[in-house]
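J.: Got a predicted structure here, sequence first:
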Amino acid sequence: MSKITIYTDGAASGNPGPGGYGVILKSGEHYKELSKGFHLTTNNRMELLAVIVALEALKIKGSEVDIFTDSKYVYDAVEKQWVFQWEKKGFKKKKNPDLWKRFLVVYRMHKVKLHWIKGHANIPDNERCDELAVKASQGKKLLTDEGYEKGEEQGAMF
């Protein structure tokens with residue numbers, strides 16, 4: 001089984017405002033792009049959702065995955081083990097618990113290594129993800145970010 005390389009990015013105009021995510025999945029000769037836009041969301045939600053959607057797109061459990069993100073929010077939460085502490089405390093007073101719970105389910109299905117990369121640093125796949133995210137956020141048929149609009153990003157449901 002070959003290793004899977006994923007690039008992700010999220011964008012929001014206004015933060016909160018219209019937003020979107022962009023994803024590139026690569027493995028051997030396989031290449032896939034994913035993106036979606038939402039009419040009201042935040043940048044951090046889109047950064048995290050990009051990683052979730054990428055992992056959910058994988059068809060083989062236990063895959064070895066390298067994820068490249070320019071989001072310190074996502075990278076630090078995982079690499080510094082914060083998200084696992086938040087989980088133990090039921091995500092009390094933490095933003096985006098709906099997405100973090102979803103993330104942990106798919107994260108645990110694979111062998112994931114996150115890598116932080118500087119955004120807008122001429123890394124072609126990161127730049128392409130940014131283009132995908134921005135374009136998705138400017139689309140005509142934007143989706144509803146249910147978690148954000150119901151207040152779950154503030155932990156209001158807990």
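T.: That came through fine. Numbers count the residues shown, from 1 in each chain.
J.: Helices of the protein, start to end?
T.: Per DSSP state H, the chain carries helices over the ranges 43-56, 72-79, 82-88, 97-107, 124-137, 146-149.
J.: and the gap between residue 101 and residue 147?
T.: Residue 101 is 10 Å from residue 147, where distance means C-beta to C-beta, to the nearest Å. C-beta: built from backbone N, CA, C; applies to glycine.
J.: Have a look at those two and say which one is more surrounded.
T.: More crowded of residue 101 and residue 147, by other C-beta atoms under 10 Å: residue 147, with 18 against 14.
J.: Could you report the neighbour count for the closest residue to that one other than its chain neighbours?
T.: Using C-beta to C-beta, 6 or more residues apart in numbering and skipping residues adjacent in sequence, the residue nearest residue 147 is residue 98, 3.8 Å away. The number of residues packed near residue 98 is 20, by other C-beta under 10 Å.
J.: again, but for residue 100
T.: Residue 100: 21 neighbours (other C-beta under 10 Å).
J.: Then residue 34?
T.: So residue 34, with other C-beta under 10 Å, has 19 neighbours.
J.: what does residue 44 give?
T.: Residue 44 - counted by other C-beta under 10 Å - has 21 other residues nearby.
J.: again, but for residue 27
T.: With other C-beta under 10 Å as criterion, residue 27 counts 18.
J.: so what's it up against?
T.: Going by C-beta atoms under 8 Å, 6 or more residues apart in numbering, residue 27 touches 2-5.
J.: low-scoring pLDDT stretches of the protein, where are they?
T.: Applying pLDDT under 70 to the chain flags the ranges 1, 152-158.
J.: who touches residue 67 in this structure?
T.: Per C-beta under 8 Å, 6+ apart, neighbours of residue 67: 6-8, 51, 54-55, 112-115.
J.: Kindly report the same for residue 75.
T.: By C-beta under 8 Å, 6+ apart, the neighbours of residue 75 are 69, 114-116.
J.: so which of the residues you listed would you say is closest to residue 19?
T.: residue 69 (15.6 Å; C-beta to C-beta).
J.: pretty sure the closest one is touching residue 51, no?
T.: Yes - Residue 69 is in contact with residue 51 according to C-beta atoms under 8 Å; the separation is 6.5 Å.
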